[in-house]
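Undergrad: After the sequence you'll find the predicted model.
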Protein chains: 2
Amino acid sequence: MSILAVGSVALDTITAPGGKVEDGIGGSATYFSLAASLFAPVAVVAVVGGDFPQSAVDILVARGVDCGGLERRAGTTFRWCGRYEDDVNVAITEKTELGVFSDFKPVIAPAYRRRPYVFLGNIDPVLQGEVLRQLAKPKFVALDTMNYWITGARDELAEVMKRVDCLIVNDGEARMLAGKANLYQAVGRLLELGPRYVVVKKGEHGAILAGRGFDFILPAFPLREVRDPTGAGDTFAGGFMGYLAETDDTSPANLCRAVAYGAVVASFAVEGLSIRRLASLTRGEVDERLGRLGEMTRF
Amino acid sequence: MSILAVGSVALDTITAPGGKVEDGIGGSATYFSLAASLFAPVAVVAVVGGDFPQSAVDILVARGVDCGGLERRAGTTFRWCGRYEDDVNVAITEKTELGVFSDFKPVIAPAYRRRPYVFLGNIDPVLQGEVLRQLAKPKFVALDTMNYWITGARDELAEVMKRVDCLIVNDGEARMLAGKANLYQAVGRLLELGPRYVVVKKGEHGAILAGRGFDFILPAFPLREVRDPTGAGDTFAGGFMGYLAETDDTSPANLCRAVAYGAVVASFAVEGLSIRRLASLTRGEVDERLGRLGEMTRF
C-alpha cells in the first residue's frame, strides 16, 4: 500500500561528530520518505523555495519518492543550522530560517487523498488537522510533534491527537505532553488522550510501543559510532510506516515488528552524516540487521 | 550449586519516593543474598558491629542465607544515609559512617572456599584480590566495583579484573573505567582488560551482556512507580548469579537468561522501600514477570 507524508523539506547545515555538511537536503519529510521508500511507495507534500537545488530533488526521485506534491515557491527554502557537541543526543540549534515554510498550507491533490497510510510530520497542529480534513478515510495515520507545539499549541494538538491512530514522540516530549515524569505513566495518559497507539523513541535506549492493554519494548541496535543523529526520529517513523504499508497489517504484533524496522533503519541513518547512509541503504541490509537485533534480544 | 558473596552488610537510612526508613538492613551482600537465595544456597561473608540487631540477621536467615561468615565485631555497623529527589536514578548521599567496615579483612572459612559461584561485592579491590587467593578454583566469579575504586585504585582493580569471569558495572562506571564515551566501545575495551564477560546495568534502560563476539541487550521491565532504587544493582547481581548457580550452566545463552532474571528481580526490589519487596518476593512471581518481559520484547 502507499504512503502520504506531509512535513518539511529543508536545507541543513550540520556540524556533527562525523563531519560537516552545508546546505544538505534535510527536513522531516525527506528523512521519512527516504526511509519509508525502502518498503512502499511514498508521496511527499512539502514546500521549498526557488533556491532549492534540483540535485536535492533528484536524491528523492532516485529512490522512487513521488515529489509531485513538493511545491516550489518564490522565496527561500527552510534552513536549519545546528551542531552536536559532547552529548551527541543533544542538537544545538544555531540558526533557523523558515523561509517559504512559514506560509506552508499543505494542499493535498486529489491523487493523494486516498492514500491509506499517512504521516503527519512535525508541523503546526492546525495544519495537521487541515490535512486530515482533506483525506478520504485513511487506514492508519501517524502523528509527530515537538516541544514547541506541546507548549504553544496544546489545545490544537489535543484535537489532532483524537483523530489519529498513532502518536510518535520522543521520551522528553511524551513526559511533557502527559505531564508525568514516569514514562509508563506518561504513555498511559497519552493513550487516554485519543490515539490507539503511542510510540516513544528513546534514542540510544530504544523505543516503546504501547496500546490499550499491551506494551512492546525494544532496545536500540548497539552502535559503536554515531556520526550524525539529525533526522533519526523521522527516519524511525519512515521505517515504521513503510513496513506497515508494505505488509498492510496494523495488528499489534505487526506494529511491534514495524517498530523494530523503524529502529533499525534509524540505526543506519545515524552512522552517516546527513542523509548519506540512508540514501545508499538497501532493504537487504535492513533485514540482516533486524535479524541480528532479534538474536541479540532473545533470552 | 552454591554461592559465596563477599560485601557489605549495613544499616541504611533512606528517604525515597516510597517513604522513609531508618536503620534498615542494607549493604551489597544483603541485597545480593536476598535475591540470589531465591535460586540457590548463598553464604555471606561480611562484618557488622555490636549494634547490629539480631532481627536484621533473622531476615537473612529466614530466607535460608548462611550467615556463618557474618562476623560481629566490637564497634558500629556501616551506616549509609541518603535520599532521592526528582530524578529517582540519582542517590544523594547525606552521610556515610564506615564503622567496623573500615577494617574489614574478609577471611573465608574453609567450609566456604570451594563454593563454585562467587560474587565479589563492591569493596577495596585489594581485598577482592585477597578473597580470590583464598578460594579453591571457583567456577564463575563476578566482580562489582564503583567510581571510588575506579579513580582511586585503578591498578589494583585492573589486577582483579584479570582474574574474574564477569565484571558487573553500571553504564557510568563502564565509561569511566574504559575511558570511552560510547558504551559499546567502552564494553569492548573492558573485555580486553580481562573478564570474559561484561554486564552493564543501565537502570530504567535495562542491561547489556557482552562477551567476545556476542552482545545481548535487554530493556528494563516497565515500571509505573519506583519507590526506592537502593540496592538495585546488587539485587540484579543476585538474580544473575542465583540463576547461574541454580542451573550450573555458564554458556552464553544461559548467561543471557541470567541477565533477564537479574533485571526482573531488581524490578521488584525497587517497587518497595529498602528490602521490603525483595524480602517477600517469591520465585513464582519472578518467573511470571520474566515470561511477561519475554513477550514484551519479542518481535
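TA: Yep, it's here.
Undergrad: only C-alpha atoms for contact and neighbour calcs from this point on.
TA: Fine.
Undergrad: Report the contact partners of the nearest residue to residue A:290 once chain neighbours are set aside.
TA: Distances taken as CA to CA, 6 or more residues apart in numbering or on different chains place residue A:264 nearest to residue A:290, at 6.2 Å, with adjacent residues excluded. Listed by CA atoms under 8 Å, 6 or more residues apart in numbering or on different chains, the contact set of residue A:264 reads A:220, A:221, A:236, A:239, A:286, A:289, A:290.
Undergrad: which of the residues you listed count as buried?
TA: Buried residues within the contacts of residue A:264, counting neighbours by 16 or more other CA atoms under 10 Å in any protein chain shown: A:220, A:221, A:236, A:239, A:286, A:289, A:290.
Undergrad: Using CSV, lay out those together with secondary structure and pLDDT.
TA: Output for the buried ones among the contacts of residue A:264, formatted as CSV (DSSP: H, G, I helix; E, B strand; the rest coil; pLDDT from 0 to 100):
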residue, secondary structure, pLDDT
A:220, coil, 96
A:221, coil, 97
A:236, helix, 98
A:239, helix, 98
A:286, helix, 98
A:289, helix, 98
A:290, helix, 98
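Undergrad: Closest to residue A:155 out of the residues you listed?
TA: Nearest to residue A:155 out of those is residue A:236 (CA to CA; 26.3 Å).
Undergrad: nearest spatial neighbour of the closest one, skipping sequence neighbours?
TA: residue A:262 (4.1 Å).
Undergrad: so where does the residue in the stretch 101-250 of chain A that chain B sits nearest to fall, helix or strand?
TA: Closest approach between the stretch 101-250 of chain A and chain B, counting by CA to the nearest CA: residue A:216, at 4.6 Å. Using DSSP states H and E, residue A:216 sits within strand A:214-218.
Undergrad: tilt between that strand and strand B:214-218?
TA: If you take axes from the mean of the first three to the mean of the last three CA atoms, to 10 degrees, strand A:214-218 sits at 150 degrees to strand B:214-218.
Undergrad: quick one: buried residues of strand A:214-218?
TA: Within strand A:214-218, the residues that count as buried by 16+ other CA under 10 Å are A:215, A:216, A:217, A:218.
Undergrad: Then stretch A:76-91?
TA: A:76, A:77, A:78, A:79, A:80, A:81, A:82, A:83, A:84, A:88, A:91.
Undergrad: The helix ranked longest in chain A to strand A:214-218, inter-axis angle?
TA: For chain A, the helix with the greatest residue count under DSSP state H is helix A:252-269. If you take the same axes, to 10 degrees, helix A:252-269 sits at 20 degrees to strand A:214-218.
Undergrad: wouldn't residue A:263 be in contact with residue A:205 here?
TA: No: counting by CA atoms under 8 Å, residue A:263 does not reach residue A:205; the two are 10.4 Å apart.
Undergrad: who has more neighbours, the two?
TA: Each of residue A:263 and residue A:205 has its neighbours counted (other CA atoms under 10 Å in any protein chain shown); residue A:263 has more, 32 against 17.
Undergrad: if I look at that one, how far off is residue A:197?
TA: Here residue A:263 is placed at a distance of 17 Å from residue A:197 (CA to CA, to the nearest Å).
Undergrad: Reformat the buried ones among the contacts of residue A:264 as TSV; add distance to residue B:32.
TA: Output for those, formatted as TSV (distance: CA to CA, whole Å):
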residue	distance to residue B:32
A:220	28
A:221	30
A:236	39
A:239	42
A:286	41
A:289	36
A:290	35
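Undergrad: is it true that residue A:208 touches residue A:197?
TA: No: using CA under 8 Å, residue A:208 is not in contact with residue A:197, being 10.3 Å away.
Undergrad: More neighbours: which of these two?
TA: residue A:208 (28 against 23).
Undergrad: Show me which residues of chain A sit near chain B.
TA: Residues of chain A lying close to chain B by CA under 8 Å from any CA of the partner chain are A:182-185, A:205, A:215-219, A:222-225, A:253, A:256-257, A:260, A:294, A:296-299.
Undergrad: Can you tell me which of the residues you listed are classed as buried?
TA: Neighbour counting with 16+ other CA under 10 Å marks A:182-185, A:205, A:215-219, A:222, A:256-257, A:260, A:294, A:296-299 as buried within the residues of chain A next to chain B.
Undergrad: My guess is residue A:33 contacts residue A:7. True?
TA: No: counting by CA under 8 Å, residue A:33 stays clear of residue A:7, with 10.1 Å between them.
Undergrad: Between those two, tell me which one has more neighbours.
TA: Of the pair residue A:33 and residue A:7, residue A:33 is the one with more neighbours under other CA under 10 Å, namely 32 against 26.
Undergrad: if we can go back for a sec, check contacts around the residue of the stretch 101-250 of chain A closest to chain B.
TA: By CA under 8 Å, 6+ apart, the residues touching residue A:216 are A:208, A:209, A:210, A:256, B:296, B:297, B:298.
Undergrad: got a list of what the fourth one touches?
TA: Put plainly, it is residue A:256. A:209, A:216, B:299.
Undergrad: same thing with the last one?
TA: When contacts are counted by CA under 8 Å, 6+ apart, residue B:298 touches A:216, A:294, A:297, A:298.
Undergrad: related to what we said a few turns ago, and the contacts of residue A:216, which two are the farthest apart?
TA: Taking CA to CA, the two most distant members of the contacts of residue A:216 are A:210 and B:298; they sit 13.8 Å apart.
Undergrad: I'd like to know how far the residue nearest the centre of chain A sits from residue A:252.
TA: Closest residue to the average C-alpha location of chain A: residue A:234 at 2.2 Å, with CA atoms, centre = their mean. Applying CA to CA, the value for residue A:234 to residue A:252 is 21 Å.
Undergrad: can you pull out the strands in chain A?
TA: Secondary structure of chain A (DSSP state E): strands at A:3-6, A:10-16, A:19-26, A:42-49, A:66-73, A:79-84, A:91-97, A:117-120, A:140-144, A:166-170, A:197-201, A:207-211, A:214-218.
Undergrad: Let me have those in a markdown table, extended by mean pLDDT.
TA: Shown next, in a markdown table, are the strands of chain A (pLDDT from 0 to 100):
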| stretch | mean pLDDT |
| --- | --- |
| strand A:3-6 | 98 |
| strand A:10-16 | 96 |
| strand A:19-26 | 96 |
| strand A:42-49 | 98 |
| strand A:66-73 | 97 |
| strand A:79-84 | 95 |
| strand A:91-97 | 93 |
| strand A:117-120 | 98 |
| strand A:140-144 | 98 |
| strand A:166-170 | 97 |
| strand A:197-201 | 98 |
| strand A:207-211 | 98 |
| strand A:214-218 | 96 |
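Undergrad: All set, thanks.
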